[in-house]
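Novice: whatever this is, show me its structure:
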Amino acid sequence: MSTKNVNLLFVLALQCSVLSGQLPPLRPGKLPQPTPAQLRWHDTEFYLFFHFGPNTFTNLEWGHGTEAEELFNPTALDCDQWCRVAQQAGARGVLITAKHHDGFCLWPSQFSRHTVRESPWKNGQGDVLRELSEACRRHGLKFGVYLSPWDRNHPQYGTPEYNDVYAQTLTELLTQYGDLFEVWWDGANGEGPNGKKQVYDFHRFEKLVVQYQPNAVIFSDIGPGCRWAGNEQGTVNETNWCTLDTAGFGRGATGPPADTLQRGNRYGAQWIPAECDVSIRPGWFYHAEEDNKVKSPEQLMNIYLQSVGRGANLILNVPPDRRGRIHPNDSLALTQFGALRQKAFQHNLARGRRIRPEHRGCLFFPARVFQRLTDGDTQTAFPIGACVLDLRRERQFNTLVLREYIAEGQRASAVEVDIWENETWKKVAQTTTVGARKVLRFPDTSARKLRIRVSDGDWPAQISEIELYKF
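Specialist: A predicted model of the protein is given here:
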């Protein structure tokens with residue numbers, strides 16, 4: 001039976017919930033749902049961020065906009081190497097700072113005189129975005145761009161005319177470099193060379209993205225495609241709703257408070273899931289003095305579990321050095337992180353194992369319906385209250401992964417996991433929301449049978465996959 005038709009079983013599923021004493025409170029109306037572009041974004045899960053530009057050569061984090069174009073001159077830029085490192089880390093895409101706050105454009109924009117065209121790199125004939133976008137296509141990676149609205153160099157910043165300039169530069173990125181999966185806006189809004197601040201016309205900018213890149217999601221404090229997670233540590237709260245209320249909020253200083261961004265709003269009006277950003281180093285741009293401060297594979301794994309493992313996406317910054325290459329220390333950490341993660345999720349103990357409802361009142365459903373939960377296909381789902389997984393024999397495990405069928409909204413709000421021990425059920429773990437992916441860790445446990453109870457939620461939660469691991 002197609003997942004699209006699974007709601008035909010809704011009344012029967014409610015009967016099962018009643019029999020198990022778990023009739024969930026019903027909300028009138030339709031739950032917010034992701035767009036097709038957002039669903040593809042959720043599937044991307046983990047990607048790299050490249051902060052690169054004049055700051056790489058001045059050792060600054062925020063440039064002043066007065067840096068001479070001659071400073072930008074990477075000696076051995078290799079975007080294919082960037083992409084190889086991304087693949088080894090298990091990333092599915094990359095984004096780059098096409099223009100940071102200093103206003104320097106990594107492409108020869110026709111609307112600025114502070115670009116790679118004015119630099120000595122490749123005698124002014126270079127285009128970093130062209131090289132990276134083409135490398136992404138060669139390596140099968142998605143490509144996205146960061147374009148800072150703040151511009152400390154452009155003489156028209158702080159005037160109504162600057163919105164025209166920004167719209168024109170944005171249009172260059174949207175039309176000249178192939179498909180984009182994400183457009184990244186931060187909320188920085190400081191002074192320009194004239195000492196003024198800009199009133200951004202974000203509605204206009206959003207319309208351009210929709211017009212030229214309808215499959216791209218827009219990142220900002222309030223989306224509309226995905227939201228900032230409220231910190232730069234790469235983590236999100238264990239309770240993480242993909243829905244958010246944005247009325248009355250803006251970007252930057254006027255955005256929602258950090259605790260709201262961390263959790264979302266359970267009954268939020270819009271689907272705006274969390275994206276967690278963090279740098280592999282203390283800084284966001286390359287600094288030689290940080291070469292020995294690269295996060296370890298174990299630290300990266302912990303960040304992954306607290307971001308992707310809590311239903312968010314993870315964007316990990318890896319700054320290229322002054323050569324235009326990923327430093328060996330970063331590359332090694334990322335390669336080992338990729339191997340660590342691959343090994344951890346290599347052997348799914350639940351795959352293909354027998355699963356049944358806990359209460360006999362649900363047994364009028366064919367057994368194959370429940371096998372959707374362990375068939376390895378995230379596009380098959382079933383609304384459950386409680387189910388029992390039989391591993392056939394006693395096995396050791398310490399990690400449960402749940403996936404919710406979010407195409408029809410996010411519903412689960414409380415989950416409990418029990419094992420069958422000494423002829424009774426013993427609780428070993430519990431959590432709150434599930435979302436696109438929930439990785440639930442607990443001490444090493446041995447058992448043959450597990451019970452998973454989705455004990456609270458708006459309408460029966462549709463679980464698409466149950467996975468079990470030992471790592």
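Novice: now the strands for the stretch 201-350 of the chain?
Specialist: Under the criterion DSSP state E, counting those that start in this stretch, the stretch 201-350 of the chain contains strands at 217-220, 226-228, 243-244, 270-271, 274-279, 313-317.
Novice: send the alpha carbons of the fifth one over as PDB?
Specialist: Which is strand 274-279. Extracted in PDB, the C-alpha atoms of strand 274-279 (Å, rounded to 0.1, in the frame of the first residue of the first chain):
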ATOM      1  CA  ALA A 274      16.500  23.700  12.000                       C
ATOM      2  CA  GLU A 275      20.000  23.800  10.500                       C
ATOM      3  CA  CYS A 276      23.000  23.600  12.900                       C
ATOM      4  CA  ASP A 277      26.100  25.500  12.000                       C
ATOM      5  CA  VAL A 278      29.600  25.000  13.500                       C
ATOM      6  CA  SER A 279      33.200  25.300  12.400                       C
END
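Novice: would TSV of the strands of the stretch 201-350 of the chain with mean pLDDT be doable?
Specialist: Compiled in TSV, the strands of the stretch 201-350 of the chain are given as follows (pLDDT from 0 to 100):
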stretch	mean pLDDT
strand 217-220	98
strand 226-228	98
strand 243-244	98
strand 270-271	98
strand 274-279	98
strand 313-317	98
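Novice: got these as a markdown table, with mean neighbour count columns?
Specialist: Where you see a C-beta, it was placed from the backbone N, CA and C, and this is true even at glycine. Formatted as a markdown table, the strands of the stretch 201-350 of the chain follow (neighbours: other Cβ atoms under 10 Å):
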| stretch | mean neighbour count |
| --- | --- |
| strand 217-220 | 25 |
| strand 226-228 | 25 |
| strand 243-244 | 22 |
| strand 270-271 | 20 |
| strand 274-279 | 24 |
| strand 313-317 | 26 |
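Novice: for Glu131, which of these is the nearest?
Specialist: strand 313-317 (19.1 Å; Cβ to Cβ).
Novice: who does the closest one pair up with?
Specialist: Strand 313-317 sits in its sheet next to strand 46-50 (parallel), strand 274-279 (parallel), going by DSSP bridges.
Novice: how about the ones you listed in a markdown table, adding distance to Asp321?
Specialist: Shown next, in a markdown table, are the strands paired with strand 313-317 (distance: least, Cβ to Cβ, whole Å):
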| stretch | distance to Asp321 |
| --- | --- |
| strand 46-50 | 11 |
| strand 274-279 | 14 |
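Novice: my read is that Ala414 contacts Ala461, right?
Specialist: No - counting by Cβ atoms under 8 Å, Ala414 sits too far from Ala461 to count as a contact (9.7 Å).
Novice: of those two, who's got more company?
Specialist: Using other Cβ atoms under 10 Å as the criterion, Ala414 and Ala461 rank with Ala461 on top: 27 against 16.
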